[in-house]
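# sequence and predicted model, in that order:
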Amino acid sequence: MTGDLPDRLVAALDLDGVTDKAGLMDRAARALSLPGWFGRNWDALADSLSDLSVWPEEARERGLLLVVRDWQAYAQARPEEWETAQEVFAHAMRVTPALTVALALGGSSQPPSGGAGGFVGA
């Protein structure tokens, strides 16, 4: 497995419109294609982020860059939950060197009118 960040598979965890932990868990399950038995709680998220066997196959070979977008409104509305989410992301990265979680700064995931949208490339 490569340790180079540009070689990693990129997955976007878009939190636009998420208002609670359940919404965050649903988005994480979709973004990471987690199995139906994913427990939708903090421990299950930490375990899934740290367990390469549940990652998309390509990520198992290349590593994973999880880009969390549009998180600011959720962080403001649910600061304690957001703090826990950050702790989960940080823990998963410590125990799984093939994982990088990045918080995208900026506004909406919608491209500005008249301009090109941004992207994260691998």
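Good, I have the coordinates.
# neighbouring contacts of the longest helix along the chain?
The single longest helix within the chain, with elements called by DSSP state H, is helix 79-95. For helix 79-95, contacts defined as Cβ atoms under 8 Å, 6 or more residues apart in numbering pick out 20-21, 24, 42, 45-46, 49-50, 66, 68, 71, 74-75, 99-101. Every residue, glycine included, has its C-beta placed from N, CA and C.
# could I have the CA atoms of the helix or strand of the chain with the lowest mean pLDDT written out in CSV?
One helix or strand of the chain scores below all others by mean pLDDT, DSSP states H and E: helix 57-62, with a mean of 90. The C-alpha coordinates for helix 57-62 follow below in CSV (Å, rounded to 0.1, in the frame of the first residue of the first chain):
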residue,chain,number,x,y,z
GLU,A,57,-11.4,-2.4,-2.4
GLU,A,58,-9.4,0.2,-4.2
ALA,A,59,-8.8,2.1,-0.9
ARG,A,60,-7.4,-1.1,0.7
GLU,A,61,-4.6,-1.0,-1.9
ARG,A,62,-4.1,2.8,-2.2
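# doesn't Ala11 lie inside a helix?
No: if the criterion is DSSP: H, G, I helix; E, B strand; the rest coil, then Ala11 is strand and not within a helix.
# give the contact list for it.
31-32, 56, 59, 64-67.
# returning to what we had before: identify the farthest-apart pair in the contacts of helix 79-95.
Distance extremes for the contacts of helix 79-95: the farthest pair is Asp20 and Thr100 at 25.8 Å, using Cβ to Cβ.
# tell me which of those two has more neighbours.
Using other Cβ atoms under 10 Å as the criterion, Asp20 and Thr100 rank with Thr100 on top: 18 against 12.
# need the helices for this structure, in chain order.
Going by DSSP H, the chain shows helices at 21-31, 42-50, 57-62, 72-77, 79-95.
# can you put those helices in CSV and add distance to Gly106?
Formatted as CSV, the helices of the chain follow (distance: least, Cβ to Cβ, whole Å):
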stretch, distance to Gly106
helix 21-31, 18
helix 42-50, 23
helix 57-62, 24
helix 72-77, 9
helix 79-95, 17
